[in-house]
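>>> What shape does this take:
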Amino acid sequence: MPTYTALTTLADGDSADALGEAMDAMTPAPTGVGVFELEDGSGRWEVGGYFDAPPDPAQLALLAAAHGARDFAVSELPETDWVAKVRRELSPVRAGRFFVYGSHDADQVPEGVEALLIEAQMAFGTGHHGTTLGCLRAIERLLGAGVLARNVADIGAGTAVLAMAAARVWPEPVIASDNDSVAVEVAEANVRANALAGRVHCIEAEGFAHPTLAAAAPFDLVFANILKGPLLALAPEMRRHLAPGGRVVLSGILTGQAGEVAAAYADHGLALEHREDIGDWATLTLIRPEK
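All right, here's what the predicted structure looks like:
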């Protein structure tokens, strides 16, 4: 089946984030959307979507006009065995005690690790991306500090790799939520593959808007590895859903966006405890004070 791309550029990151979110709402929806700052020093941003069929040019034109973007360039990509490509190019990832791998690398799992199986066709959230890797390192750091998280939620869980990692090292079940039904199916498949059924509960939810999350709050630890725009929108709710002394690990943000995100959460009483930059991506750990 051919794959089609639709690419455009914009002058600033906020507009690019907004356009990326708007593309997610297209009909038919893209199979994926990416938002990146160009590395040519121009300060411009690229927004691109992947489609299983040619995207509607009228929808693209309206989106470009509404967000101040250049006209979309639509291309058809040659057919590729993406699973085989991912298997060739993605090696296992080690993040502290965590070892994230695909089934094709099962013979490489070392002794004494927390092994997390993520299949190649579910590549986003394998641990290779700086955001996921930063969150796994944050878990390792919290464990080293003696943090015992009894009530954990992963908002925008994707493959549920973070929820599964938390379930492996802390005693109580973890909630993994995503606003995409396909992502929830992926998460459930990964949970079963890692023998964590009953330890990770997967639900479809927008932010904290779900009875299961409302009943479980307040949380000792929340992960939110999503884009800057949704993170800013979550800031007012985050404090209400964190227990005193609870932490939130935020990622999915570029290093240049981290200060703005940290400031927005500080406005709601969450203090920056730690920041780690991996490549162009930042991971923030914030804490709600005890009082």
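>>> Domains of this structure: list them as residue ranges, please.
Using automatic domain parsing, the domain parsing of the chain gives 3-77, 125-287.
>>> which residues in the stretch 101-250 of the chain form helices?
130-144, 161-169, 181-193, 211-216, 228-241 (DSSP state H, counting those that start in this stretch).
>>> elements contacting the first one?
Packing contacts for helix 130-144, counted by 3 or more CB pairs under 8 Å, 6 or more residues apart in numbering; DSSP states H and E, involve strand 93-95, strand 98-101, helix 161-169, strand 219-225, strand 242-254, strand 271-278, strand 281-287. C-betas here are computed from N, CA, C, even on glycine.
>>> Mind doing that once more with 6 Å?
strand 93-95, helix 161-169, strand 219-225, strand 242-254, strand 271-278, strand 281-287 (3 or more CB pairs under 6 Å, 6 or more residues apart in numbering; DSSP states H and E).
>>> out of these, which comes closest to Leu7?
Closest to Leu7 of these, according to CB to CB: strand 242-254, at 18.5 Å.
>>> Report the buried residues of the closest one.
Buried residues in strand 242-254, counted by 16 or more other CB atoms under 10 Å: Leu242, Ala243, Gly246, Arg247, Val248, Val249, Leu250, Ser251, Gly252, Ile253, Leu254.
>>> Output the below-cut-off pLDDT ranges for the chain.
1, 39-40, 78-91, 119-129 (pLDDT under 70).
>>> In it, which residue is most central in space?
Taking CA atoms, centre = their mean, the centroid of the chain lies closest to Asn225, which sits 3.6 Å from it.
>>> Show the contacting residues for the residue lying closest to Gly279 once chain neighbours are set aside.
Distances taken as CB to CB, 6 or more residues apart in numbering place Gly130 nearest to Gly279, at 4.6 Å, with adjacent residues excluded. Residues near Gly130 by CB atoms under 6 Å, 6 or more residues apart in numbering: Ile278, Gly279, Trp281.
>>> Next secondary structure after the host helix or strand of Met23?
Per DSSP states H and E, Met23 falls inside helix 13-24. Remark: after helix 13-24, the chain's next helix or strand is strand 32-37, criterion DSSP H and E.
>>> in the helix holding Met23, what's buried?
Along helix 13-24, these residues count as buried under the neighbour rule (16+ other CB under 10 Å): Gly13, Asp14, Ser15, Ala16, Asp17, Ala18, Leu19, Gly20, Glu21, Ala22, Met23.
>>> So what sits opposite the residue nearest to the fourth one when sequence neighbours are not counted in the bridge?
In this case it means Ala16. Distances taken as CB to CB, 6+ apart place Trp45 nearest to Ala16, at 3.7 Å, with adjacent residues excluded. Listed by DSSP bridges, the beta-bridge partners for Trp45 are Leu10, Glu37.
>>> quick one: Trp45 and Phe36, what's the gap?
Distance, Trp45 to Phe36, by CB to CB, to the nearest Å: 7 Å.
>>> Those two: which is more packed in?
For the pair Trp45 and Phe36, the greater number of neighbours falls to Trp45 (23 against 15), based on other CB atoms under 10 Å.
>>> Mind giving me the packing neighbours of the helix or strand harbouring Val74?
Secondary structure assigned from DSSP H and E places Val74 in strand 73-77. Strand 73-77 sits against strand 3-10, with contacts defined as 3+ CB pairs under 6 Å, 6+ apart.
>>> Using the three-state scheme, assign Gly269.
Using DSSP: H, G, I helix; E, B strand; the rest coil, the structure places Gly269 in coil.
>>> That one and Asp107: what is the separation?
Counting by CB to CB, the separation of Gly269 from Asp107 is 48 Å.
>>> returning to that earlier point: okay, the residue nearest to the centre of the chain and Leu38: tell me how far apart.
In terms of CB to CB, Asn225 sits 23 Å off from Leu38.
>>> which of the domains of the chain is buried the deepest?
Most buried of the domains of the chain, by mean neighbour count (mean count of other CB atoms under 10 Å): domain 125-287, with a mean of 20.
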